[in-house]
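Peer 1: Sharing a model prediction with you, sequence too.
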Amino acid sequence: MSDADDLAEQVRTGDLRLHELEDHADHDTAAAARRRLLESATDADLDAVGDYGFDAAVADPNIENMVGTAEVPLGVAGPLAVDGGAADGEYYLPLATTEGALVASVNRGCSVISASGGADARVTASGMTRAPVFSVTGIAEAEEVVEWVADNRDRLAEAAESTTNHGELLDVDPYVVGDSVFLRFVYDTKDAMGMNMATIATGEAASLVEAETPADLVALSGNLCTDKKPAAINAVEGRGRSVTADVLVPRETVEERLHTTPEAIAEANTRKNLVGSAKAGSLGFNAQAANVVAAAFLATGQDEAQVVEGANAITTVEAREDGLYASVSLASLEVGTVGGGTKLPTQSEALDVLGLRGGGDPAGSNADALAEVVAVGALAGELSLLAALASRHLSSAHEDLGR
């Protein structure tokens, strides 16, 4: 009996638990044991799941009870010409997806943007948030807490920043609802996406609030952050990076490459992305921004659940005499180039394709550049899909590609 089979048998008999296997074997053997267990308990054949190309120990910070990997096809769109505040030049954008025609659509948009001289992009705001909720006896105590916070920003910053070498407390915004006080902490997390950094730092600051005010901490996250849920506060105040990309496409390029007119694309955008989204009560006024955000997140090791906030985008289009102006503004794009899933081998390679792996110089510049490139990729996707709709080619494009 192999070591993996022996471990699987010990789990079956109750002598070991699934999460204890790494205490008795290396990570790859532990993963193999879990596959043996699942194969014996189900009709599954996990040969493909177990065929991965890196030491399982590398993934230890990212997964529990590892059995293998779930592979997603990885494509690339580009070159994508970006003139950004941090990104500058031509980039190939890795996209991991199972949706046929997505990469082709984005690639067409990239071609149009490059033929137009490239797109401009800027990160307009940056700040990762965590918002604990405290209980008080009533509004009088709530006022006392809010006043103390306003008078002690330096002490809160000292407490929060004592937990990190890189994070910087930018602001603390109070919100009062009856006998609940929410404090929305905002951090500059440099090249890290920074959710863990913000959580740990806020925990230290919250202890100071409890010690110095009548407030009692109820939950370190009070959902006013807001993380991984659709929220108007992120659309208005932003979270992570707020980034905008825009381009002016010459009229002849629209007609020759997109097979329609600036006026037709502008009307499609107004009626679909603006009026249709408003009628639906949507927080995102765009065609498919989440498609590009999700595919880029999977490719580069971002927290895939935060595509919820990444879809919080507004696409604007205007027909001008000399062509088509188009922009996409993503209010809460949470990306990083260090930490989390960016350390995984295939995700590190994708960041290498972009030339944005690791910390930037100055700190934060790599994550800013990644946000700008993703925003231009989203803009490429918006242009392509809106043109397909305006020219009535959407269904035929999918049919031609066999999807």
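Peer 2: Structure received. Residues are numbered from 1 along each chain as shown.
Peer 1: so where do the strands sit in this structure?
Peer 2: 74-84, 88-96, 119-130, 133-135, 168-177, 180-188, 216-219, 240-250, 313-320, 323-333 (DSSP state E).
Peer 1: which strands and helices sit next to the first one?
Peer 2: This points to strand 74-84. The contact analysis (3 or more Cβ pairs under 8 Å, 6 or more residues apart in numbering; DSSP states H and E) places strand 74-84 against strand 88-96, helix 102-115, strand 119-130, helix 345-354, helix 365-390. Heads up, the C-betas are built off the backbone N, CA and C, glycines and all.
Peer 1: and that strand, how far from the chain's centre?
Peer 2: Centroid separation between strand 74-84 and its chain, computed with Cα atoms, centre = their mean, to the nearest Å, is 18 Å.
Peer 1: now do the second one
Peer 2: Chain-centre distance of strand 88-96: 16 Å, with Cα atoms, centre = their mean.
Peer 1: Please apply the same query to the shortest one.
Peer 2: Centroid separation between strand 133-135 and its chain, computed with Cα atoms, centre = their mean, is 28 Å.
Peer 1: now swap in stretch 163-176 and tell me
Peer 2: The gap between where stretch 163-176 is centred and where its chain is centred comes out at 20 Å by Cα atoms, centre = their mean.
Peer 1: can you dump the C-alpha coordinates of that stretch into PDB?
Peer 2: Extracted as PDB, the C-alpha positions of stretch 163-176 are listed here (Å, rounded to 0.1, in the frame of the first residue of the first chain):
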ATOM      1  CA  THR A 163       1.000  45.800  12.100                       C
ATOM      2  CA  THR A 164       2.400  46.300   8.700                       C
ATOM      3  CA  ASN A 165       5.600  47.500   7.000                       C
ATOM      4  CA  HIS A 166       3.800  48.800   3.900                       C
ATOM      5  CA  GLY A 167       0.200  49.800   4.700                       C
ATOM      6  CA  GLU A 168      -0.700  53.400   5.400                       C
ATOM      7  CA  LEU A 169      -4.000  54.600   7.000                       C
ATOM      8  CA  LEU A 170      -5.500  57.200   4.800                       C
ATOM      9  CA  ASP A 171      -8.800  58.000   6.400                       C
ATOM     10  CA  VAL A 172     -11.500  56.800   8.800                       C
ATOM     11  CA  ASP A 173     -15.000  57.600   7.800                       C
ATOM     12  CA  PRO A 174     -17.700  57.200  10.600                       C
ATOM     13  CA  TYR A 175     -21.300  56.200   9.900                       C
ATOM     14  CA  VAL A 176     -24.000  56.000  12.600                       C
END
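Peer 1: ok, residues contacting that stretch?
Peer 2: Applying Cβ atoms under 8 Å, 6 or more residues apart in numbering, the external contacts of stretch 163-176 come out as 127, 131, 139, 142-143, 145-146, 149-150, 153, 156-157, 160-161, 181-190, 192, 194, 197-198, 200-201, 203-205, 224, 237, 363.
Peer 1: which intervals of the protein have sub-threshold pLDDT?
Peer 2: Along the chain, segments meeting pLDDT under 70 span 1, 393-403.
Peer 1: returning to that earlier point: tabulate the strands of the chain in CSV, adding columns for mean neighbour count and distance to residue 7.
Peer 2: What follows is the strands of the chain, written out as CSV (neighbours: other Cβ atoms under 10 Å; distance: least, Cβ to Cβ, whole Å):
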stretch, mean neighbour count, distance to residue 7
strand 74-84, 21, 32
strand 88-96, 21, 32
strand 119-130, 23, 39
strand 133-135, 20, 43
strand 168-177, 16, 45
strand 180-188, 22, 42
strand 216-219, 13, 38
strand 240-250, 24, 40
strand 313-320, 20, 47
strand 323-333, 26, 42
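Peer 1: closest one to residue 276 among those?
Peer 2: Judged by Cβ to Cβ, the one of the strands of the chain that comes nearest to residue 276 is strand 313-320, at 11.9 Å.
Peer 1: so how far is that closest one off the chain centroid?
Peer 2: For strand 313-320, the distance to the chain centre is 23 Å (Cα atoms, centre = their mean).
Peer 1: One more: stretch 175-193?
Peer 2: That offset, for stretch 175-193, works out to 19 Å (Cα atoms, centre = their mean).
Peer 1: Now the terminal residues of that stretch, how far apart.
Peer 2: Taking Cα to Cα, to the nearest Å, the first and last residues of stretch 175-193 lie 24 Å apart.
Peer 1: can you start the count at 273 instead of 1 from here on
Peer 2: Understood, numbering begins at 273; the last thing we discussed is stretch 447-465.
Peer 1: Please pick the buried ones from the contacts of stretch 435-448.
Peer 2: Taking 16 or more other Cβ atoms under 10 Å as the criterion, what is buried in these is 399, 403, 414, 417-418, 421, 428-429, 432-433, 453-459, 461-462, 464, 466, 469-470, 473, 475-477, 496, 509, 635.
Peer 1: re the thing from before, could you dump the strands of the chain into CSV with distance to residue 321 added?
Peer 2: Compiled in CSV, those are given as follows (distance: least, Cβ to Cβ, whole Å):
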stretch, distance to residue 321
strand 346-356, 17
strand 360-368, 17
strand 391-402, 33
strand 405-407, 40
strand 440-449, 41
strand 452-460, 37
strand 488-491, 36
strand 512-522, 32
strand 585-592, 34
strand 595-605, 31
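Peer 1: And these: which comes nearest residue 658?
Peer 2: Across the strands of the chain, residue 658 has its closest neighbour in strand 585-592 (6.9 Å, Cβ to Cβ).
Peer 1: Restrict that closest one to CA atoms and write it as PDB.
Peer 2: What follows is strand 585-592, C-alpha atoms only, in PDB (Å, rounded to 0.1, in the frame of the first residue of the first chain):
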ATOM      1  CA  ALA A 585     -18.200  50.000 -14.000                       C
ATOM      2  CA  ILE A 586     -19.800  52.600 -16.200                       C
ATOM      3  CA  THR A 587     -19.200  52.700 -20.000                       C
ATOM      4  CA  THR A 588     -19.700  56.000 -21.800                       C
ATOM      5  CA  VAL A 589     -19.800  56.500 -25.600                       C
ATOM      6  CA  GLU A 590     -20.100  59.700 -27.600                       C
ATOM      7  CA  ALA A 591     -20.200  60.100 -31.400                       C
ATOM      8  CA  ARG A 592     -18.000  63.000 -32.400                       C
END
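Peer 1: I'd like to know which elements it is packed against.
Peer 2: Counting contacts by 3+ Cβ pairs under 8 Å, 6+ apart, strand 585-592 packs against helix 534-540, strand 595-605, helix 637-662.
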